[in-house]
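Predicted structure and sequence below. I'll ask about it afterward.
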Amino acid sequence: MISVIIPAYNAAETIQQCLNSVFNQTYKHLEVIVINDGSTDDLALALTNCQRKLTLFDQANKGAPAARNFGFKMSHGEFVIFVDADIVLKPQTLQKMLGALERDPGAAFAYSSFKWGWKKFKLWPFDYEKLRQMPYIHTT
């Protein structure tokens, strides 16, 4: 099982599109955890149609890293992915990332290229020295 952990702060406008992309994954053995990090918008209302498909936790605003850590503590999956509330995953994202981890049992994590706005950030194989020069692995 993959635990999908979504920290959300004032994400009422983006959370539904994010969740739709998670629920539409080709890999279906998922646990979806949303951490409401002290939102002051209508996040709870935005989640009403899908609350049966996820686990929601509320906490005072502590920031995304604290929300991710709390979600991790509450997760049950063998694998974990952190997905920001404005991320939209392609349908095969989790299946491909899990496949990469299963093909290389010594790997501790997988990551992918991503698109931000109009620009695609095409990534390359992990390189410790390159990572020291520039942060190229995003939060997902």
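Sure thing, it's come through.

hey, let's count contacts and neighbours off CA atoms from now on
OK.

Quick one: the strands in the protein, in order.
Applying DSSP state E to the chain gives strands spanning 2-8, 30-37, 55-59, 79-82, 114-116, 119-121.

okay if I get those strands as a markdown table plus mean neighbour count, distance to A66 and mean pLDDT?
Compiled in a markdown table, the strands of the chain are given as follows (neighbours: other Cα atoms under 10 Å; distance: least, Cα to Cα, whole Å; pLDDT from 0 to 100):
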| stretch | mean neighbour count | distance to A66 | mean pLDDT |
| --- | --- | --- | --- |
| strand 2-8 | 25 | 9 | 97 |
| strand 30-37 | 22 | 9 | 98 |
| strand 55-59 | 15 | 10 | 96 |
| strand 79-82 | 18 | 12 | 94 |
| strand 114-116 | 12 | 24 | 57 |
| strand 119-121 | 11 | 26 | 56 |
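
Make CSV from those strands and add distance to P65 to it.
Listed next are the strands of the chain as CSV, based on distance: least, Cα to Cα, whole Å:
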stretch, distance to P65
strand 2-8, 8
strand 30-37, 10
strand 55-59, 13
strand 79-82, 10
strand 114-116, 20
strand 119-121, 23
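
Backbone dihedrals for the residue most central in space within the chain, both of them.
In the chain, the residue lying closest to the centroid (Cα atoms, centre = their mean) is V83, at 1.5 Å. As for V83, its main-chain torsions (degrees, to the nearest 10) stand at phi -130, psi 120.

do the same with the one 5 residues further on
Backbone torsions of V88, given as degrees, to the nearest 10, read phi -120, psi 120.

Enumerate every residue touching the closest residue to E31 other than its chain neighbours.
Leaving aside its chain neighbours, E31 sits nearest to S3 (4.6 Å; criterion: Cα to Cα, 6 or more residues apart in numbering). Contacts were defined as Cα atoms under 8 Å, 6 or more residues apart in numbering; by that measure S3 touches 30-33, 75-81.
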